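**Student:** The sequence and its predicted three-dimensional model are supplied below.
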Amino acid sequence: MPLELFPLLGLILLAQGLYIFKKAKKKGFNHWLWGFIGLLNAPLSLIYFLVYSAYKRGENLANLLVKSLLVGLWSGGIMVVVSLVSREKFSLEAEALIVITILGAILGIAGFLWGKES
Amino acid sequence: MLNCQKAEELMIDTLLEKKPLPKEVASHINECQSCQVLFDDLQKMKSLLDEPIESMNTPPIWYFSHLVSSNKEDEITSQETILFFLLAGFILGIAYWVIRLNLFGPFIAITSFGALLLSLVAVSVGRETRD
């Protein structure tokens, strides 16, 4: 990863960590631990937190996970099409295609769970 | 001479109006077993009605403050925000040096695994304290 992208990464991690920290405090979870988790990784930490939050709200966890997986598959599929279409234009390598697909799937799941939360 | 029905009416009237029991009713109660039972029941009822009910029906003030505090959403304090930003600065400082030393791949792997493990810890801790 180029060092020029570090401010963007820092901003994403900080925003995510602060969001999780505030939400965890409001919900009465261990906010320091969740805030620390939120600073470690994006967006997997957000997914973990949102799944736990949904579980605590009393939602059907199996149903939620199945729906999340379906959303992830859809998002991943869309990103595969988008990356294949723009492959030649941006001269993307096979490794980049896989990363974009996985990232798209994970972001789709995070967005779905975030929507359920708010 | 009083009959039982008249005595019963007078007993209820004296109970409702909180007057002393007339002598003729009192003598009838002494003679009549069923009226004596009725009089005892009315006396018990009267004593129950005379008990102060406000203290029983109104919960203490701490109960209301408990309800309010349990519904109130906790916001993070400014001190916690500052400490959180210090923690974030520390972690992002490590991330900066990791990227600079070209160790981003292992860093992603370690943080992903660490986040998963810590999430499991947070879930187990939360289950112990809240459920």
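**Tutor:** Okay, I see it. Residues are numbered from 1 along each chain as shown, chains lettered A, B, ... in the order given.
**Student:** so what does the helix or strand harbouring residue B:117 touch, helix or strand wise?
**Tutor:** Using DSSP states H and E, the element containing residue B:117 is helix B:104-130. Based on contacts counted as 3 or more Cβ pairs under 8 Å, 6 or more residues apart in numbering or on different chains; DSSP states H and E, the elements that helix B:104-130 packs against are helix A:31-40, helix A:44-57, helix B:78-100. Just so you know, the C-beta spots here come from the backbone N, C-alpha and C atoms, and that holds for glycine as well.
**Student:** Need the pLDDT of residue B:40.
**Tutor:** Confidence at residue B:40, expressed as pLDDT, is 87.
**Student:** need the contact list for residue 116.
**Tutor:** Using chain A here. By Cβ atoms under 8 Å, 6 or more residues apart in numbering or on different chains, the contact list for residue A:116 reads A:50, A:54, A:59, A:64.
**Student:** Chain B, not that one
**Tutor:** Residue B:116 sits next to A:44, A:48 when contact means Cβ under 8 Å, 6+ apart.
**Student:** and residue B:85, how many neighbours does it have?
**Tutor:** Residues near residue B:85, counting by other Cβ atoms under 10 Å in any protein chain shown, number 14.
**Student:** Look up how far chain A lies from the closest residue to residue B:38 other than its chain neighbours.
**Tutor:** In this structure, residue B:38 finds its nearest non-sequential neighbour in residue B:8, 6.2 Å apart by Cβ to Cβ, 6 or more residues apart in numbering or on different chains. Look at residue B:8 and chain A: by Cβ to the nearest Cβ, to the nearest Å, they are 58 Å apart.
**Student:** Using PDB, write down the CA coordinates of whichever strand or helix holds residue B:8.
**Tutor:** Assigning secondary structure by DSSP H and E places residue B:8 in helix B:4-17. Provided in PDB are the C-alpha atoms of helix B:4-17 (Å, rounded to 0.1, in the frame of the first residue of the first chain):
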ATOM      1  CA  CYS B   4     -81.200  -8.500  61.800                       C
ATOM      2  CA  GLN B   5     -81.800  -6.600  58.600                       C
ATOM      3  CA  LYS B   6     -82.400  -3.300  60.300                       C
ATOM      4  CA  ALA B   7     -79.300  -3.900  62.500                       C
ATOM      5  CA  GLU B   8     -77.200  -4.700  59.400                       C
ATOM      6  CA  GLU B   9     -78.300  -1.400  57.800                       C
ATOM      7  CA  LEU B  10     -77.500   0.600  60.900                       C
ATOM      8  CA  MET B  11     -74.100  -1.100  61.200                       C
ATOM      9  CA  ILE B  12     -73.200  -0.200  57.600                       C
ATOM     10  CA  ASP B  13     -74.500   3.300  58.100                       C
ATOM     11  CA  THR B  14     -72.400   3.800  61.300                       C
ATOM     12  CA  LEU B  15     -69.400   2.400  59.500                       C
ATOM     13  CA  LEU B  16     -69.800   4.700  56.500                       C
ATOM     14  CA  GLU B  17     -70.500   7.800  58.600                       C
END
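**Student:** my read: residue A:22 touches residue B:76, true?
**Tutor:** Yes. Residue A:22 lies in contact with residue B:76 (Cβ atoms under 8 Å); the separation is 5.7 Å.
**Student:** so what sits against both of the two?
**Tutor:** residue A:31.
**Student:** Neighbour count: the two, which is higher?
**Tutor:** residue A:22 (20 against 17).
**Student:** element containing that one, please.
**Tutor:** Here residue A:22 is assigned to helix A:6-27, by DSSP H and E.
**Student:** what is the rounded mean pLDDT of that helix?
**Tutor:** 92.
**Student:** Establish whether it and chain B are in contact.
**Tutor:** Yes. Helix A:6-27 reaches chain B (Cβ under 8 Å from any Cβ of the partner chain) through A:6, A:9-10, A:13-14, A:17-18, A:21-22, A:25-26.
**Student:** Sweet, I'm off.
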